[in-house]
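**Q** The following comprises the amino acid sequence and a computationally predicted model.
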Amino acid sequence: MANTKIRMGMVGGGEGAFIGDVHRMASRLDGKIELVCGAFSSNATRSKKSGKALGLNAKRVYGSYEEMFKAEKALPEDERMHFVSIVTPNSTHYPIAKAALQAGFHVMSDKPATFDLKQARQLKRLVEKTGLLYGLTHNYSGYPLVKEAKDRVQKGKLGEIKKVVVEYPQGWLATDLEKSGQKQAGWRTDPAQAGISCCMGDIGTHAENLAEYITGLKIVELCADLSTFVPGRKLDDDGNVLLRLENGAKGVLHASQISVGEENGLSIRVYGTRGGLKWVQAHPNQLFVYSMDKPMQVFTPGVNNTWLSKAALHNCRVPAGHPEAFIEAFANIYRNYANTLLAKMGNKKPKALDLDFPTIDDGVRGMAFIETVVKSSQSKQKWLKMPRT
């Protein structure tokens, strides 16, 4: 079982889909996962064309996910796919994941997990009922120095956490790009496909997940102000949120897709009673650590940097001085998921470090965050409690 290669199917991610290529590159980086089948488009002809371009057996390129799950389930156990990667617009995540689980297949899904909170809760119950493995690609948690930041907080090196500042500015939707026919802008600004939020649902959830992941603290209350700056747009393209965390810490979360000139400006600062830290996604190989009684320290990744935590080292691939970035972080999610799945298939207990990937619980938290942010922004009350997840 240790030498078994995990067989992956994919739904979505055909020609012109950025995130599909990212998932494929990340999944194969460590040689543990092989793409064997797919339904790459809701259009059967386009799906076949994408499958051919990927070099897949034409018999295992399907016109729909329903057809794929039925056909793959009928194959011998040593041929059929083990899990499906879902890389479609938000509105289809739930029905695809539900159908996969009911057919007996494990799931890896792009975020958000579902279209709304009700679906997320239903999906969680189904994951628990089937006992199958579910992963969610909140990929920024995969960076080695994000793991290091989390470890430092867990070990109390920052003291009691008091303040969190997390931001995610982009500028690509500063104009009505969706009217040009641009596919990525089109579905993200469409309530029928994206859900009740564009900016906060798309990138604000990454900021929320990163804050909760590093601090280990859940958001319990928030006060939000969402805006739609581009005329005619139906969903938010900018938002500011005040946070209250479960230990009494306070936070500020800002996400924007109309911040002209910004590319992918995710960053986080965490401050405690003894120290602080800062990580910036554009420069992911530097973790700035602050102390009361010593100069600022800068930590870098590398398999030979033995002063890093076990969690950080587990997610490094190359020696110090060789940058590790977006694809590698994404790949860490897939690698840890694959190792856990291999252990599960071999009736073995997964290693703790391999269990470190986002799950359906993160998916439910994300949907609860989106729902509460939108309600708060529309409410006169403003401060709202996060629902139980």
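**A** Sure, I can see it.

**Q** Can you report how many residues lie near L353?
**A** When counting by other Cβ atoms under 10 Å, one arrives at 14 neighbours for L353. The C-beta positions use only the backbone N, C-alpha and C, and glycine is treated the same way.

**Q** who's in contact with it?
**A** Shown in contact with L353 (Cβ atoms under 8 Å, 6 or more residues apart in numbering): K310, A311, H314, N336.

**Q** Would you mind giving the secondary structure of the residue lying farthest from the centre of the chain?
**A** Within the chain, D293 marks the point farthest from the mean C-alpha position, 36.1 Å out by Cα atoms, centre = their mean. Assigned by DSSP: H, G, I helix; E, B strand; the rest coil, the conformation of D293 is coil.

**Q** List the contacts of it.
**A** D293 neighbours (Cβ under 8 Å, 6+ apart): none.

**Q** Distance across stretch 154-172, terminal residue to terminal residue?
**A** With Cα to Cα, to the nearest Å as the measure, stretch 154-172 spans 36 Å from end to end.

**Q** Kindly report the same for stretch 306-325.
**A** So stretch 306-325: terminal residues 20 Å apart, Cα to Cα.

**Q** cool, and stretch 150-165?
**A** 15 Å.

**Q** any residues touching that stretch, and which ones?
**A** Identification of contacts with stretch 150-165 by Cβ under 8 Å, 6+ apart yields 211, 213-217, 243, 245, 247, 249-252, 268-277, 289, 309-312.

**Q** now the strands for the stretch 101-250 of the chain?
**A** Counting by DSSP state E, counting those that start in this stretch, the stretch 101-250 of the chain has strands at residues 106-109, 134-136, 161-169, 219-227, 238-245, 250-256.

**Q** Residues in contact with the shortest one: which ones?
**A** It stands for strand 134-136. 97, 101, 106-111, 113, 123, 127, 333-334, 337, 357-360, 362-363.

**Q** Quick one: buried ones out of those residues?
**A** 97, 101, 106-111, 113, 123, 127, 333-334, 337, 357-360, 362-363 (16 or more other Cβ atoms under 10 Å).

**Q** Just those residues: which are in helices?
**A** A97, L101, L123, V127, I333, Y334, Y337, I360, D362, G363 (DSSP state H).

**Q** Kindly provide the distance from the residue nearest to the first one when sequence neighbours are not counted to R80.
**A** In space, not counting the residues next to it along the chain, A97 is nearest to V107; the distance is 5.0 Å by Cβ to Cβ, 6 or more residues apart in numbering. Distance, V107 to R80, by Cβ to Cβ, to the nearest Å: 15 Å.
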